[in-house]
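need a structure here:
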Amino acid sequence: MKVLVLGGAGYIGSHVVKAMLGAGHSVTVFDNLSSGQLGNLFPGADFIAGDIRHSSDVEAAFARGFDGCVHLAAYKAVGESMAQPEKYSVNNITGTLNMLNAAGTHGCKNVVFSSSAAVFGSPQYVPIDEKHPTNPESYYGFTKLEIERFLAWYDQIKGIKYAALRYFNAAGYSVDGSITGLERNPQNLLPIVMEVASGWRKELQIFGRDYNTRDGTCVRDYVHVSDLAEAHVNALEYIASRGESLTVNLGSETGVTVTEMVEAARRITGKDIPAAYVGRRSGDASALFATSELARKTIRWNPKHSDVDTLIASTWAVYQKYSAPGVKK
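Numbering: from 1, shown residues only. Predicted coordinates:
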């Protein structure tokens, strides 16, 4: 298939492009490089510099003719979304409508959307399945849920089939070392741990140690980015071949505590990784992890790289490249 990957120069996007190329698809990357990097592009993929906020850019891209589209071009910082909802409205909501309108105009009938566990809000039970109530507690999560609703309407009205993939915590890097672009201003635990291990930060803050978990720190679900990328390939092929839409959770199903992740990072990196326990953050759930049973049944997804050691080792291998003498972060 001819596939357009919006946000394909970013952290997750570059892994998706790699997986699509590996599956034999023809790939074009569309990215404004606000967080993506030219160094993440693969020689086998075409590149269009464009912005989903500009309908003319999106129209011109889809006019080239594509069988499918992968949408990874949304902003994703929870805190920023609460401080700057306008930014998230224009990019995430308007940008997605630009994509859907262009897809409808130019006959692109298959869309894979990177949704988020943020659509659920605080868990009422774990592991979270697809039937769990959706009650987002951030504007970011709200935009993701609204996009899912737009997709359902465009399926009903325009016949555009979609796969909404609800990620939990993406982590790790390609185990073959082919992708080395670091995330800009990382918000997630593992990149921050790596920055401390690399000496770029003095210490890690661990928020709360009195949760009702096995060691008192929060439990989270970490999924290797290469496993997520494989899910995008499988999902695109599923909706294209079956002509039906689906929404699935993508989690490792094995929650890891913050302390467990830090201790494993110390073991693997050989670094002290100073950490300070501080007060809880408002809104942090004690445990948040998913069941991926539906993804296994529908798109035959089985994570292969989402064990803690692979997550950390593959990430540390990339950070070590930037910690070498003469290499700037």
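
buried ones in stretch 49-65?
Gly50, Asp51, Ile52, Arg53, Ser55, Asp57, Val58, Ala61, Phe62 (16 or more other Cβ atoms under 10 Å). For the C-beta atoms, the positions are set from N, CA and C on the backbone; glycine is no exception.

can you check stretch 93-103 too?
Under 16+ other Cβ under 10 Å, the buried positions of stretch 93-103 are Ile93, Gly95, Thr96, Leu97, Asn98, Met99, Leu100, Asn101, Ala102, Ala103.

which one of these sits closest to Val5?
Met99 (11.7 Å; Cβ to Cβ).

ok, the closest one - contacts?
Met99 makes contact with Leu6, Ile52, Val58, Phe62, Cys69, His71, Val111 under the criterion Cβ atoms under 8 Å, 6 or more residues apart in numbering.

and the helices in the stretch 1-150 of the chain, which stretches?
11-22, 55-62, 78-83, 85-88, 95-105, 139-158 (DSSP state H, counting those that start in this stretch).

of these, which is nearest His132?
helix 139-158 (12.3 Å).

and that closest one, what does it pack onto?
Here helix 139-158 touches helix 78-83, helix 85-88, helix 95-105, strand 110-116, strand 161-167, going by 3 or more Cβ pairs under 8 Å, 6 or more residues apart in numbering; DSSP states H and E.

and if we set it to 6 Å?
For helix 139-158, the packing partners by 3 or more Cβ pairs under 6 Å, 6 or more residues apart in numbering; DSSP states H and E come out as helix 78-83, helix 85-88, helix 95-105, strand 110-116.

what's the local residue count around Arg220?
23 (other Cβ atoms under 10 Å).

if you could redo that for Glu146, that was the one I meant.
Counted with other Cβ under 10 Å, Glu146 comes out at 16.

so how far is Ser89 from it?
10 Å (Cβ to Cβ, to the nearest Å).

export the buried residues of stretch 93-103 as JSON lines, with columns for pLDDT and distance to Pro136.
Output for the buried residues of stretch 93-103, formatted as JSON lines (pLDDT from 0 to 100; distance: Cβ to Cβ, whole Å):
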{"residue": "Ile93", "pLDDT": "98", "distance to Pro136": "13"}
{"residue": "Gly95", "pLDDT": "98", "distance to Pro136": "18"}
{"residue": "Thr96", "pLDDT": "98", "distance to Pro136": "16"}
{"residue": "Leu97", "pLDDT": "98", "distance to Pro136": "19"}
{"residue": "Asn98", "pLDDT": "98", "distance to Pro136": "22"}
{"residue": "Met99", "pLDDT": "98", "distance to Pro136": "21"}
{"residue": "Leu100", "pLDDT": "98", "distance to Pro136": "20"}
{"residue": "Asn101", "pLDDT": "98", "distance to Pro136": "24"}
{"residue": "Ala102", "pLDDT": "98", "distance to Pro136": "26"}
{"residue": "Ala103", "pLDDT": "98", "distance to Pro136": "25"}
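
and these as TSV, adding distance to Asp129?
Formatted as TSV, those follow (distance: Cβ to Cβ, whole Å):
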residue	distance to Asp129
Ile93	27
Gly95	29
Thr96	25
Leu97	29
Asn98	32
Met99	28
Leu100	27
Asn101	32
Ala102	33
Ala103	29
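
buried sites along stretch 213-232?
213, 216-232.

ugh, wrong one, stretch 16-33
Neighbour-count burial for stretch 16-33 [16+ other Cβ under 10 Å]: 16-21, 23, 25, 27-32.
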